[in-house]
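Colleague: have a look at this prediction, sequence included:
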Amino acid sequence: MATFEEQTARVVEALFADLLEEDESDCRSLETDSAVSVREKREEEAPASFDPAIIASRLRRMGDQCNLDFERASSEALAEVLKGKMEKFGAAVDNLSRSWSDQNPELVYERAFLCVSVKLLMHIAKKVPGVVRPSQLTQVINGNAQVRNYIEACGGWENWDS
């Protein structure tokens, strides 16, 4: 059985593979090929109830629901991230998630965090290509105990439903 951290890495790799396939459907790169081959290898090792591609698709749908305008939001961490300085990615996601969930009481912080992290990552990937790596999103999710506890309380990634 894979750990939470390993499962998160698999989910994020599947998300990146999906994003790369959409953006580079006609042109493949070493990064794309390696992400896909790693994903396929890990999927073979994963238990049948855990499908990273399905979970990644749920995360992507959640990201698509995020209606924040990152260019208009004011946060020092976000401003740095929008310039391609990914060291502040976690702080920017946390700040935006708390603000968004405060403005929308029906939206719990953990769900807001997942929505914002995916949407901001997709936004940066388009705005500043080449600075976004799967490990950045993996670390942000794994490093947030509140989000991790939320996912584990749902039964882990394999039982989590957006």
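Modeller: On my side now, so go ahead.

Colleague: and the contacts of stretch 122-138?
Modeller: The contact list for stretch 122-138 (Cβ atoms under 8 Å, 6 or more residues apart in numbering) reads 5, 8-9, 12-13, 15-16, 19, 23, 35, 63, 70, 81-84, 86, 89, 117-118, 121. C-beta: built from backbone N, CA, C; applies to glycine.

Colleague: ignore the last one, stretch 102-117
Modeller: 59, 62-63, 65-66, 68, 93-94, 96-98, 100-101, 137, 140-141, 144, 146-147, 150-151, 162.

Colleague: next, the buried residues of it.
Modeller: By 16 or more other Cβ atoms under 10 Å, the buried positions in stretch 102-117 come out as 109, 110, 111, 112, 113, 114, 115, 116, 117.

Colleague: reformat those residues as a markdown table; add pLDDT, distance to residue 157 and secondary structure.
Modeller: Listed next are the buried residues of stretch 102-117 as a markdown table, based on pLDDT from 0 to 100; distance: Cβ to Cβ, whole Å; DSSP: H, G, I helix; E, B strand; the rest coil:
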| residue | pLDDT | distance to residue 157 | secondary structure |
| --- | --- | --- | --- |
| 109 | 96 | 18 | helix |
| 110 | 96 | 13 | helix |
| 111 | 95 | 14 | helix |
| 112 | 96 | 18 | helix |
| 113 | 97 | 15 | helix |
| 114 | 96 | 11 | helix |
| 115 | 96 | 16 | helix |
| 116 | 96 | 18 | helix |
| 117 | 96 | 15 | helix |
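
Colleague: how about these in CSV, adding distance to residue 126?
Modeller: Listed next are those as CSV, based on distance: Cβ to Cβ, whole Å:
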residue, distance to residue 126
109, 26
110, 25
111, 23
112, 21
113, 21
114, 19
115, 17
116, 16
117, 15
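
Colleague: and residue 77, how many neighbours?
Modeller: 18 (other Cβ atoms under 10 Å).

Colleague: any idea how far residue 15 is from it?
Modeller: 22 Å (Cβ to Cβ, to the nearest Å).

Colleague: quick one: least confident helix or strand in this protein?
Modeller: Confidence across the helices and strands of the chain bottoms out at helix 30-45, with a mean of 46, counting by mean pLDDT, DSSP states H and E.

Colleague: hey, where'd the helices end up in the chain?
Modeller: Ranges of helices in the chain, per DSSP state H, are 4-23, 30-45, 52-65, 76-82, 89-103, 109-127, 134-142, 145-153.
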